[in-house]
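Asks: I'll drop the sequence and a predicted model, then ask my questions.
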Amino acid sequence: MRKFIVISFLLVFVLGCQDNEKKIIPPRDMKPILVEMHIFDGMIAHSAYREKLDSVDTLSYEEAILNQYGYTKAQFDSSINYYSGHLRDFDKIYQEVLNELNRMQAETQEENKKTSEKEDKGETGKQKEKKGALKR
């Protein structure tokens with residue numbers, strides 16, 4: 001009888017762990033999900049977007065991001081709990097998230113710089129045209 005209880009306990013434990021693993025979002029998917037969620041959080045924090053987004057339920061945006069990757073809010077919450085107990089894995093994921101966000105920020109800053117330089121050259125050209133027209 002004792003063997004039966006031990007085997008039953010082990011079986012329940014193993015099956016419970018397998019079910020839990022299905023609920024955990026793997027790191028390869030967790031990274032882009034967290035990147036998108038952080039971008040969305042940044043948009044909410046930015047005053048230009050805050051007014052437009054205040055009326056919209058932010059949870060629906062989170063769910064839309066998760067649905068895009070085929071996951072639910074419950075799976076995301078379970079994954080956060082799981083990775084909170086596995087800090088090395090969580091740290092590795094977040095390091096990749098930060099690297100991606102920094103890369104995106106640098107890329108955006110470079111694009112803004114190029115756009116600004118083009119606009120400055122455009123104004124300089126227009127100013128020269130005005131001066132030329134005034135001299136005539």
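Replies: Yep, that arrived.

Asks: which helix is the longest one in this protein?
Replies: helix 87-135 (DSSP state H).

Asks: and it, what does it pack onto?
Replies: In terms of contacts (3 or more CB pairs under 8 Å, 6 or more residues apart in numbering; DSSP states H and E), helix 87-135 is packed against helix 27-45, helix 73-85. Where C-beta positions appear, they are placed from N, C-alpha and C, glycine not excepted.

Asks: Can you redo the ones you listed as TSV, where the extra columns are distance to Ser60, mean pLDDT and mean neighbour count?
Replies: Below are those laid out as TSV (distance: least, CB to CB, whole Å; pLDDT from 0 to 100; neighbours: other CB atoms under 10 Å):
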stretch	distance to Ser60	mean pLDDT	mean neighbour count
helix 27-45	11	91	15
helix 73-85	10	96	14
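
Asks: among those helices, which is nearest Leu66?
Replies: With CB to CB as the measure, helix 73-85 is the member of the helices and strands packed on helix 87-135 nearest Leu66 (5.5 Å).

Asks: okay, and for this protein, where does confidence drop off?
Replies: By pLDDT under 70, the weakly predicted segments of the chain are 1-22, 47-59, 122-136.
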